[in-house]
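# Model the following, please.
(chains A and B)
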Amino acid sequence: MADRRVVVTGLGVVACNGLDVASFWDAIKAGRHGIATLPALVGKYTTTFGGAVALDNLALAGGDTKIARRKDRFVLLGLKAAAEAMADCGLDYKNWKNPFRVATIVGSGIGGLATIEEEHTTLMQRGATRVSPMLVPKMIVDSSAGDISIAYGAKGPNYSITTACATGSHCIGAAFNHIRSGLCDVAISGGCEAPITGLGVSGFNSIKALSTRNDDPGKASRPFDRDRDGFVIAEGAGILILESLEHATARGARIHAEIVGYGLTGDAYHETAPDPSGAAGAACMQMALDDARIRPDQVGYVNAHGTSTKFNDAGETAIIKRVFGDHAKAATAAGKGLAVSSTKSMTGHTLGAAGGIEAIVSILGLRDGVLAPTINYDNPDPDCDLDYVPNAARAAKVEYALSNNLGFGGHNASLIFKRFAG
Amino acid sequence: MDRKRIRDEVIEILCAKLHNLPQPSDDDYDYEGQVLVPDITKDPLDVAEVSMDLEDAFGVNFEEVLPGDAGMETLGKVVDYLESRIIGQQKRTAATKKELAED
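Numbers count the residues shown, from 1 in each chain, chains lettered A, B, ... in the order given. Below you'll find the model as predicted:
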C-alpha cells in the first residue's frame, strides 16, 4: 500500500496560559505567559515558581469526585485536552465504524509523580498494607493512553512512549506512521504532564536545570536570551486528532493542517547533556525533511525545543544552522528565510506534554498565518543568532513548519506540518 | 461498638465511593440485602478501595476474603464479619487485661 496522507482534524490543549485552544492561542499571539510564584514551593525549594494550570483536580475532572480521586493529575490534564480535541474534530466516537482502527498514542515524561509521593509517604508512615490500591493504576505513564482510550472507545493501537521532553512529539510521530502505513484511520496522540511536585522541582533543581529567577518569574523563561538561567517547570497537555486524508474528507471534516514528516534519532552521548557535536539533533531534522520530501528552504518556521537553558538553546541554534544553512538567516514577512521561536517562553517547559502543545502552536501558525513569538528576548546571545521572532507575534504565510523536541537521554524528535491546501 | 453503629458506618463508607448506593439518610432502603459484586459495583478497584477504607475505619484486616467474595457477598454479611472481628478483638483485649491483672 502506498503511503497515505495524514491530516490534523482536532486540537486540544491545557496550559498555564490557556485552558483551551482558543484562549491558549490568543495568549500565544499576544505574547502572554502563565508563569507565576507558586505558594506551595515558597520556603521549601530553590525554585519557587512554575507554570501551573489554574484548575484543581476536581475541576479538571469536571466535578466528578470519583475521576478526580482515581486519576493522577497528568491524566486529568490529558483527558481534558483529549475531550477538547475530540469535540473539535467532530468524530462520532460513540459510533465508530471500526474501533480497532482508532489508535491512542499518548505519553508522559514522568507519569504520576504526585501519586508516587503521596503513597510513598503512606508507606513510610503507615506501613505497606495501607498503600492505596490506586497507586499502580494512577502512577503508570501508560494510564494516559489507557484512560483516554476508555473515554472514547478507541480499541486500535494503544500505548505510551516515554522519551522525557520529546514524548509528545514521538507519540504524534508514531501515530502519523500508523495512519500512513494503513494500520489505522484515526489516532488520538500527544502528551500530558504534571511535574510540579516536591520531587519534580527538587530533582530538576538538583541538576541545576531550573531557572532560579524567583524575584521575577514572568521573565524567567527566556529562550535564546543571553541571560537565560534554566527552564521553568510547568504542567499541561496537548492532544491532536490525526486522520487519514481519505477518512477526513469522506466525512467533510475541517482540516487544520497536514503532517508530512517525522525524524527521530538518539544522541548516544549523556544522561542529561546534549551532544555538543549536534550530530544526532541535526540528523533528526534532516530525517524529517527527507521523510517529507522537501528541501530545507521550503520550511518557513521552526518551533524550537528552546528550553531557556544555556546548553540547549546554543546547541539547538547550531544544529538549525547546520541543517538550514543560509536559509536560517532572518525571516521576512513574505515568508522568506527561517523564523525560529520557543513556545516555552510563555508556557514554561511541560516536559512530556511539550511536543503536543508545540505541535498545536505550529499548526495554528500555519493555518492562521502567524509566527508565534519568543518572549523575554531582551539581550542577544552571540551563540544564538537566528531570527527568534522576538517578543511579538508576526504575520507570515508559511508553507511548512518543523517542530523540535529534544529529551533527557538524548531523544530527538522532529515533526513537519504543512499548511493544508487540499 | 454495637451492630447498628457498625452498619451505619459501613453504609457511610460505601456510599462515599460507590455512587449507585442511595445516601444513608434513606431509611427505607434495604442496604443489608445489597449484593456488592456485581449489583453495587463490578469494578475490582472499587472493591479494593472500600475494603481498605473499611479496614482503616474498623482496625481490621480482611486478609484472604474481601467484601464481595463468597461468604461476604452482601453488605449485611460484611457487617456481620466486621462485628465478629470486632467482638473477637474485644474479647482478646479483655482476656489480655485479665491475665495482666492476675500476674
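
# Quick one: end-to-end length of stretch A:175-189, please.
6 Å (CA to CA, to the nearest Å).

# next one: stretch A:346-356
For stretch A:346-356, the end-to-end distance is 15 Å (CA to CA).

# Restricting to C-alpha, output the helix ranked longest in chain A in CSV.
Assignment by DSSP state H gives helix A:73-89 as the longest helix of chain A. Taking Å, rounded to 0.1, in the frame of the first residue of the first chain, the C-alpha atoms of helix A:73-89 are listed here in CSV:
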residue,chain,number,x,y,z
ARG,A,73,-3.2,15.0,37.7
PHE,A,74,-1.2,14.2,34.5
VAL,A,75,-4.0,12.0,33.2
LEU,A,76,-6.7,14.5,34.2
LEU,A,77,-4.9,17.1,32.1
GLY,A,78,-4.6,14.7,29.2
LEU,A,79,-8.3,13.8,29.5
LYS,A,80,-9.3,17.4,29.4
ALA,A,81,-7.2,18.1,26.3
ALA,A,82,-8.5,14.9,24.6
ALA,A,83,-12.1,16.0,25.3
GLU,A,84,-11.5,19.3,23.5
ALA,A,85,-9.7,17.6,20.6
MET,A,86,-12.4,15.1,20.2
ALA,A,87,-15.1,17.7,20.2
ASP,A,88,-13.1,19.8,17.8
CYS,A,89,-12.7,17.1,15.2
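
# tell me the angle of the following helix or strand past that helix relative to helix A:73-89?
Downstream of helix A:73-89, the first helix or strand assigned by DSSP states H and E is strand A:102-107. Note on geometry: by axes from the mean of the first three to the mean of the last three CA atoms, to 10 degrees, strand A:102-107 and helix A:73-89 are set 140 degrees apart in direction.

# Describe which strands strand A:102-107 pairs with in its sheet and in which direction.
strand A:158-159 (parallel), strand A:186-193 (parallel) (DSSP bridges).

# Just the mean pLDDT for it, thanks.
For strand A:102-107, the mean pLDDT works out to 98.

# Can you give the distance of it from its chain's centre?
Counting by CA atoms, centre = their mean, to the nearest Å, strand A:102-107 is centred 15 Å from the centre of its parent chain.

# quick revisit: as TSV, the strands paired with strand A:102-107 with mean pLDDT and mean neighbour count would be great.
All C-beta spots, glycine's among them, are computed from the backbone N, C-alpha and C. Output for the strands paired with strand A:102-107, formatted as TSV (pLDDT from 0 to 100; neighbours: other CB atoms under 10 Å in any protein chain shown):
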stretch	mean pLDDT	mean neighbour count
strand A:158-159	98	17
strand A:186-193	98	35
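
# Would you format those strands as a markdown table with distance to A:Arg222 included?
As requested, these are exported to a markdown table (distance: least, CB to CB, whole Å):
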| stretch | distance to A:Arg222 |
| --- | --- |
| strand A:158-159 | 36 |
| strand A:186-193 | 21 |
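
# near chain B, which residues of chain A show up?
A:Lys66, A:Arg69, A:Arg70, A:Thr129, A:Arg130, A:Ser132, A:Pro133, A:Met134, A:Pro137 (CB under 8 Å from any CB of the partner chain).

# Pull out the buried residues from stretch A:386-406.
Using 16 or more other CB atoms under 10 Å in any protein chain shown as the test for burial, stretch A:386-406 gives A:386-390, A:393-394, A:396, A:398, A:400-406.
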